[in-house]
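Undergrad: Build the 3D model from these lines:
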Amino acid sequence: MAALTEHVNETKFGLDFYKYPLMENNTFTTTSRIGSILTGAKNDKYKLPTIAQTATLKDGSDCGFAPTDQTTFDQTDLFMQSVMVTGQFCVRELEPFWLAAGLPAGQHYQNGFNPLEANILSEVERALAKKMAVYPYYGPTGSDTVTYPYNWLALLKGATGINVATTATTNGGSAGTDAQGAWNRVEALKNLFLANADTAAEVMDGGIVITVSPYVASLYYENLRTLYGQNTLVPVQAQMDAGNMSAWTHPGSGIKVIVVNALGAGANEIIAQRVRNQVLAFDLQSDATRIEMGMDQYREYIWWKVRVKMGTAFLSLADTDIRYYGAAS
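TA: Numbering: from 1, shown residues only. Take a look at the predicted model:
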């Protein structure tokens, strides 16, 4: 409120707010497409099961039976964290300012104070959306006081053998051979899965997905144009020329590259993994977008809060299931 001054013509433009940019949350929708959304997770810790089987071919010309193959069960940890976002303000502090145009007559605001209330609630929703987008990837940021060391990037950096920051190819020719070579980094990640007989078919069949930030998507487009020129017959380039940059299939594969806004809040990491590997869990998913508002017991302050329990994990951090370009620590 310290930045506001009284305004004599408060009714003309008083509620025409300019809103500063805030990231849109597409983390939840993207994870539902490429990963696993778990709900009903009320406990603080879970074990997510994995299974693996061996199959050994033997000489079957006699009647001997010597069982050697085994089924291996393993578990991945999922840690849940309760998160709360709260705020309050005194409506009466708005009365001397031009914002008073959005307040009803009288000194009792328990029945709301639209249309100003709608503007405040809208901005709370936008700020919350950004936090909920970034938290699964990077955990607490800015002035956050919650502790959660199990976010996706922390898990990636804590794993061994999956960082490919030094791996490069020149398959893109002059495209992407510089320090901002998004094309060749995607190509390098593709080749790592192609080199494994168990995941090579998934590269072609769409079983591998790659997530990038909007900035990396733009670099990829620049690399694509360098590689192919302004050839409008190149399908992906034609799609990007038309402004459709949210998702595309990497040429020469079935890999879907998807833009995730939250990755722009970090170091623009590029994450390649098998479908369903990335896990986002909630006690109740709608809690992450549910905003409660009310007045305190003395009907002086308007308060709002959000409370959600959520957690993140990868079903596997083996180099056969996930690789990423970015900092190793």
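Undergrad: Can you pull the phi/psi pair for residue 84?
TA: The phi and psi torsions at residue 84 (degrees, to the nearest 10) take the values phi -130, psi 140.
Undergrad: so what's it up against?
TA: Listed by Cβ atoms under 8 Å, 6 or more residues apart in numbering, the contact partners of residue 84 are 305, 306, 307. The way it works is simple: take the backbone N, C-alpha and C, and place the C-beta from them, glycine included.
Undergrad: Looking at these, which one is closest to residue 187?
TA: Here the nearest of the contacts of residue 84 to residue 187, counting by Cβ to Cβ, is residue 306; it sits at 41.0 Å.
Undergrad: quick one, phi/psi of the closest residue to that closest one other than its chain neighbours?
TA: Sequence neighbours aside, residue 85 is the residue nearest to residue 306 in space, at 4.3 Å (criterion: Cβ to Cβ, 6 or more residues apart in numbering). The phi/psi pair for residue 85 (degrees, to the nearest 10) reads phi -120, psi 130.
Undergrad: thinking again about what came up before, PyMOL command for the buried members of the contacts of residue 84?
TA: Only the buried members of the contacts of residue 84 end up in this PyMOL selection, burial being decided by 16 or more other Cβ atoms under 10 Å:
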select buried, resi 306
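Undergrad: Redo the contacts of residue 84 as TSV? Include secondary structure.
TA: Output for those, formatted as TSV (DSSP: H, G, I helix; E, B strand; the rest coil):
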residue	secondary structure
305	strand
306	strand
307	strand
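Undergrad: So which residues of the protein form helices?
TA: Counting by DSSP state H, the segments of the chain that form helices are 10-13, 27-34, 116-138, 152-158, 182-194, 200-205, 214-228, 235-241.
Undergrad: Looking at those helices, which one is packed in the most?
TA: Comparing the helices of the chain by mean neighbour count (mean count of other Cβ atoms under 10 Å), helix 182-194 ranks first with a mean of 23.
Undergrad: Against which helices or strands is that one packed?
TA: When contacts are defined as 3 or more Cβ pairs under 8 Å, 6 or more residues apart in numbering; DSSP states H and E, helix 182-194 sits against helix 200-205, strand 208-212, helix 214-228, strand 270-274, strand 322-325.
Undergrad: what mean pLDDT would you report for the first one?
TA: Per-residue confidence for helix 200-205 averages out to 97 on the pLDDT scale.
Undergrad: Could you do the shortest one as well?
TA: Averaged over strand 322-325, pLDDT sits at 95.
Undergrad: The second one now?
TA: Strand 208-212 carries an average pLDDT of 98.
Undergrad: That one to strand 270-274, inter-axis angle?
TA: Inter-element angle recorded for strand 208-212 and strand 270-274: 160 degrees (by axes from the mean of the first three to the mean of the last three Cα atoms, to 10 degrees).
Undergrad: and residue 278, how many neighbours?
TA: With neighbours defined by other Cβ atoms under 10 Å, the count for residue 278 comes to 24.
Undergrad: For it, give me the pLDDT.
TA: With respect to pLDDT, residue 278 has a value of 98.
Undergrad: quick one, phi/psi of the closest residue to it other than its chain neighbours?
TA: On the basis of Cβ to Cβ, 6+ apart, the spatially nearest residue to residue 278 that is not a chain neighbour turns out to be residue 35, at 3.4 Å. When read as degrees, to the nearest 10, the backbone of residue 35 gives phi -120, psi -140.
Undergrad: Residue 35 against residue 271, yeah?
TA: No: the pair residue 35 and residue 271 fails to qualify as a contact (Cβ atoms under 8 Å) at a distance of 10.7 Å.
Undergrad: Please say which of those two ends up with more neighbours.
TA: For residue 35 versus residue 271, neighbours defined as other Cβ under 10 Å are more numerous around residue 271 (26 against 23).
Undergrad: Which strand residues bridge that one?
TA: Counting by DSSP bridges, residue 271 is bridged to residue 211, residue 324.
Undergrad: so what's it up against?
TA: Contacts of residue 271 were listed using Cβ under 8 Å, 6+ apart, and they are 152, 156, 210, 211, 263, 322, 323, 324, 325, 326.
Undergrad: List just the nearest of those to residue 60.
TA: Set against residue 60, the nearest of these by Cβ to Cβ is residue 322 (37.6 Å).
Undergrad: which residues touch that closest one?
TA: With Cβ under 8 Å, 6+ apart as the criterion, the residues that contact residue 322 are 156, 159, 162, 271, 272, 273, 274, 277, 314, 316.
Undergrad: Ok, residue 125 next?
TA: 289, 291.
Undergrad: Please report phi then psi for the residue lying farthest from the centre of the chain.
TA: Of all residues in the chain, the one whose C-alpha sits farthest from the chain's mean C-alpha position, using Cα atoms, centre = their mean, is residue 62 at 56.3 Å. With angles defined as degrees, to the nearest 10, residue 62 sits at phi -120, psi -170.
Undergrad: thought residue 240 was touching residue 223?
TA: No: using Cβ under 8 Å as the test, residue 240 is too far from residue 223 to be in contact (11.0 Å).
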